[in-house]
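*Asks:* I need the structure of the sequence given here:
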Amino acid sequence: MWIEQRLWTVGQGWTVTGDRGAEASLVLYFAAPGTLPGETILADLRAAYGDAPILGCTTGGEILGSEVIDDSVVVSALGFDRAKVRVMAHDLSDVSQSRAIGTTLARQLAGPELRAIFILSDGTTVNGDALVAGCMEAVAADVVVTGGLAGDGARFKSTAVGCNDVMRPGRVAAVGFYGDSLSIGHGSFGGWDEFGPPRTITRSAANILYELDGEPALDLYKRYLGDEAQGLPGSALLFPLSIRPQGADDGGEVVRTIVGIDEEAKSMIFAGDMPTGHLARLMRGNFDNLVDGAGRAAESAAAVSGPCLGLLVSCIGRKLLMGQRIAEEVEIVADVLGKGSSLMGFYSYGEISPHGFTGKCELHNQTMTITTISER
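*Replies:* Numbering: from 1, shown residues only. Down below sits the predicted model:
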């Protein structure tokens, strides 16, 4: 297995690192919106890697090596000795199609040697929960499913995904990895602190939250945020909610990020489902705990042999909260995975990974999620 990485910036254009072998098996890229046109990205990668499958998406920030970069395009090209890959994509015109598209993609990629699926999805017109649930209906229990939702900084206006074509909104793409020679690792942790009492979700519809303890959800949320409420919906990235079923053990919570608000309905729109009857608590960030969470994710994902590609999908909320300290979460991942790892990633609107506590694949928010890929 060989890995070659590329970085495009306004000042330097393309720079290349790594040890390139023969034919590329797969090319992954993550691009800041509004930097290099999608047509140019695709043309440049086709010129470099021929007919290899090419997948990519827009971001809220890019990761290459141990650095967090803005306004760039990052690329990793992989060449496998024995493993194979297949890519599939579908357009999503309405959020209600999320589950069906997840099932369809997984069925198209299914096969006896399938080891893992990595998903890139539009981040603004998808129900990530439903997408993951649909996918998991159609894969064997031992298939690792990871990925992320495309980003658009803190704007939440338009995200895009490309699969052997120019990136466009409303797209869901996935790559399947096949073969016994592959080693796949994964890890996902947060590091946010809960505060305030647990409250019951008393009215919701899919990913729209209307009431907590019988009170309009947006009114309650604003009361907790105080002056920070003036910056909604952007400031909501700094104060996500954790949810879990009534009576569930501690440790099985998932975090949900607010992606929009409806002042008239006094409701909040989340990146994933907010089931009626679940308990919800507000969360806030602690810098040291967030960095520690990234390290724990890396420790979980490190169970691979030899040189590897580490795909990092971290939440845009973490980046906005940590500011200039955001590089610390990538640096700790680089330290844990070691010099044999080549890191690449992006800041997302949602992360897809098995839960660190329950093992169930879910949509996460506000986590550092890592997928490691190597070949024996």
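*Asks:* every contact and neighbour count from this point should use C-alpha atoms.
*Replies:* Fine.
*Asks:* point out where the stretch 151-300 of the chain drops to low pLDDT.
*Replies:* Counting by pLDDT under 70, the stretch 151-300 of the chain has low-confidence residues at 249-251.
*Asks:* again, only this time at 90
*Replies:* Within the stretch 151-300 of the chain, the stretches with pLDDT under 90 are 153-157, 191-196, 206-207, 224-239, 246-254, 257-261, 269-273, 284-287.
*Asks:* now the helices for it?
*Replies:* 217-225, 287-301 (DSSP state H, counting those that start in this stretch).
*Asks:* ranking those by burial, who's on top?
*Replies:* Mean neighbour count, computed with mean count of other Cα atoms under 10 Å, is highest for helix 287-301 among those, reaching a mean of 22.
*Asks:* tell me the helix or strand right after it.
*Replies:* Downstream of helix 287-301, the next assigned helix or strand under DSSP states H and E is strand 308-315.
*Asks:* and that following strand with helix 287-301, angle?
*Replies:* With axes from the mean of the first three to the mean of the last three Cα atoms, to 10 degrees applied, the angle from strand 308-315 to helix 287-301 works out at 140 degrees.
*Asks:* next helix or strand past strand 308-315?
*Replies:* Following strand 308-315 in sequence order, the next helix or strand is helix 316-322 (DSSP H and E).
*Asks:* wait, is V85 part of a helix?
*Replies:* No: counting by DSSP: H, G, I helix; E, B strand; the rest coil, V85 is not found in a helix; it is strand.
*Asks:* could you measure it against D292, distance?
*Replies:* 33 Å (Cα to Cα, to the nearest Å).
*Asks:* what's the domain layout of the chain?
*Replies:* Per the record, the chain has its domains at 2-189+288-375, 193-284, by automatic domain parsing.
*Asks:* leaving out the residues flanking it, which one is nearest to the residue sitting nearest the centre point of the chain?
*Replies:* The residue lying closest to the centre of the chain (Cα atoms, centre = their mean) is G148, at 2.4 Å. Sequence neighbours aside, E351 is the residue nearest to G148 in space, at 4.4 Å (criterion: Cα to Cα, 6 or more residues apart in numbering).
*Asks:* wait, that neighbour sits on L363?
*Replies:* Yes: contact criterion Cα atoms under 8 Å: E351 and L363 qualify, at 5.7 Å.
*Asks:* follow-up on the earlier one: dump the helices of the stretch 151-300 of the chain into a markdown table; add distance to I370 as well.
*Replies:* Output for these, formatted as a markdown table (distance: least, Cα to Cα, whole Å):
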| stretch | distance to I370 |
| --- | --- |
| helix 217-225 | 31 |
| helix 287-301 | 6 |
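*Asks:* out of these, which is closest to T276?
*Replies:* Comparing these by their distance to T276 (Cα to Cα), the top pick is helix 217-225, with 12.5 Å.
*Asks:* what's the closest one packed up against?
*Replies:* strand 208-212, strand 267-270 (3 or more Cα pairs under 8 Å, 6 or more residues apart in numbering; DSSP states H and E).
*Asks:* so that helix versus strand 208-212, what angle?
*Replies:* Counting by the same axes, to 10 degrees, helix 217-225 lies at 70 degrees to strand 208-212.
*Asks:* what's next to stretch 98-108, contact-wise?
*Replies:* Stretch 98-108 is contacted from outside by 88-90, 92, 126-128, 130-139, 172-174, using Cα atoms under 8 Å, 6 or more residues apart in numbering.
*Asks:* what's the mean pLDDT across it?
*Replies:* On average, the pLDDT along stretch 98-108 is 97.
*Asks:* residue ranges of the strands in the stretch 101-250 of the chain, please?
*Replies:* Here the stretch 101-250 of the chain has its strands, by DSSP state E, counting those that start in this stretch, at 114-121, 144-149, 161-163, 171-178, 182-189, 193-205, 208-212, 215-216, 241-244.
*Asks:* as a markdown table, the ones you listed with distance to G317 would be great.
*Replies:* Below are the strands of the stretch 101-250 of the chain laid out as a markdown table (distance: least, Cα to Cα, whole Å):
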| stretch | distance to G317 |
| --- | --- |
| strand 114-121 | 18 |
| strand 144-149 | 13 |
| strand 161-163 | 20 |
| strand 171-178 | 22 |
| strand 182-189 | 14 |
| strand 193-205 | 14 |
| strand 208-212 | 19 |
| strand 215-216 | 24 |
| strand 241-244 | 12 |
